[in-house]
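1. 3D, please:
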Amino acid sequence: MGVDPLHLRHVLSRYPTGVTIVGTRHRPLGVCGLTVNAFTSVSLEPPMVLVCVDRSSNTHGCIEAAGLFSVNVLSAGQAALAVRFAQKRDDKFDGVPYREGEGGVPLIEGASAWVEARVEAAFDGGDHTIFLAHVLRAEQSDEPPLVFHRGSYARLDGDAPPGTDAVTDPDAVTDPAARER
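-> You can find the predicted model right below:
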């Protein structure tokens, strides 16, 4: 007996996620991209990430062809971009300030962080392709990230919940077991 897709979507909406725009170059000219929340770090040594991209998206074929992509971690003030890039349209980047990274991948100005990556492998993931990629470059800004939870966009203020001893600086983690979490 299968799980109803709408029910599963509702259940999974309880898991807060970051909001990214995955972009790549579009041949022969231009760039393309889409909103993705299925993004994660895989390994620090070697540096690897993965993104899951819907096969029916316009950007899917661009990533396959280019073999490179960027992950733009949207900042709290960029919810309108998340909505825009979730739509099927050809003019997503019109008027969006960005600079070009490795191989022409778009790095959106004002993002909280950026990753530039080269596809190492692609795996079937149902209606999505899982792109495993080697990180070529990574940058961050001081902008707080945008998050998605229960069907709405929100921001993180960076404050730890009361009664916790949350580590706010990942560089301060010296216990190797703590880094494995």
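2. show me what the spatially most central residue of the chain is bridged to.
-> For the chain, T20 is the residue whose C-alpha lies nearest the centre (CA atoms, centre = their mean; 3.4 Å). Here T20 sits in beta bridges with V36, V73, as judged by DSSP bridges.
3. state the distance from it to E64.
-> From T20 across to E64, the span is 19 Å (CB to CB, to the nearest Å). In this view, the C-beta of every residue, glycine as well, is placed from N, C-alpha and C.
4. hmm, the residue nearest to the centre of the chain is touching V71, no?
-> Yes. Assessed by CB atoms under 8 Å, T20 is found in contact with V71 at 5.1 Å.
5. which neighbours do those two have in common?
-> V36, F39, V51 (CB atoms under 8 Å, 6 or more residues apart in numbering).
6. most neighbours among these, which one?
-> V36 (26 neighbours; other CB atoms under 10 Å).
7. make sure A65 is indeed in a helix.
-> Yes. The assignment for A65 (DSSP: H, G, I helix; E, B strand; the rest coil) places it in a helix.
8. can you tell me, leaving aside adjacent residues, what's nearest to it?
-> Excluding the flanking residues, the one nearest A65 by CB to CB, 6 or more residues apart in numbering is R27, at 5.9 Å.
9. who's in contact with that neighbour?
-> Counting by CB under 8 Å, 6+ apart, R27 touches C62, A65, A66.
10. one step back: measure the residue nearest to the centre of the chain to V51 for me?
-> Taken as CB to CB, the span from T20 to V51 is 8 Å.
11. between the two, which contacts overlap?
-> With CB under 8 Å, 6+ apart, T20 and V51 have common neighbours V36, F39, V71.
12. L12: neighbour count?
-> Neighbours of L12 using other CB under 10 Å come to 9.
13. oh sorry, the question was meant for A80
-> 10.
14. so it sits in a helix?
-> Yes. According to three-state DSSP, A80 belongs to a helix.
15. could you pull out the strands in this structure for me?
-> Secondary structure of the chain by DSSP state E: the strands cover 17-18, 20-25, 31-36, 39-44, 47-54, 68-73, 98-100, 106-108, 113-125, 128-140, 146-149, 152-155.
16. give me the sheet partners of the first one and which way each runs.
-> Partner strands for strand 17-18, per DSSP bridges, with pairing direction: strand 146-149 (antiparallel).
17. buried residues, the strand it pairs with. List them.
-> L146, V147, F148 (16 or more other CB atoms under 10 Å).
18. could you work out the end-to-end span of stretch 55-75 for me?
-> 26 Å (CA to CA, to the nearest Å).
19. from L136, how far out is E143?
-> 22 Å.
20. how close does the closest residue to Q140 other than its chain neighbours sit to L132?
-> Distance criterion CB to CB, 6+ apart; nearest residue to Q140, sequence neighbours excluded, is A113 at 4.3 Å. Taking CB to CB as the measure, A113 falls 19 Å from L132.
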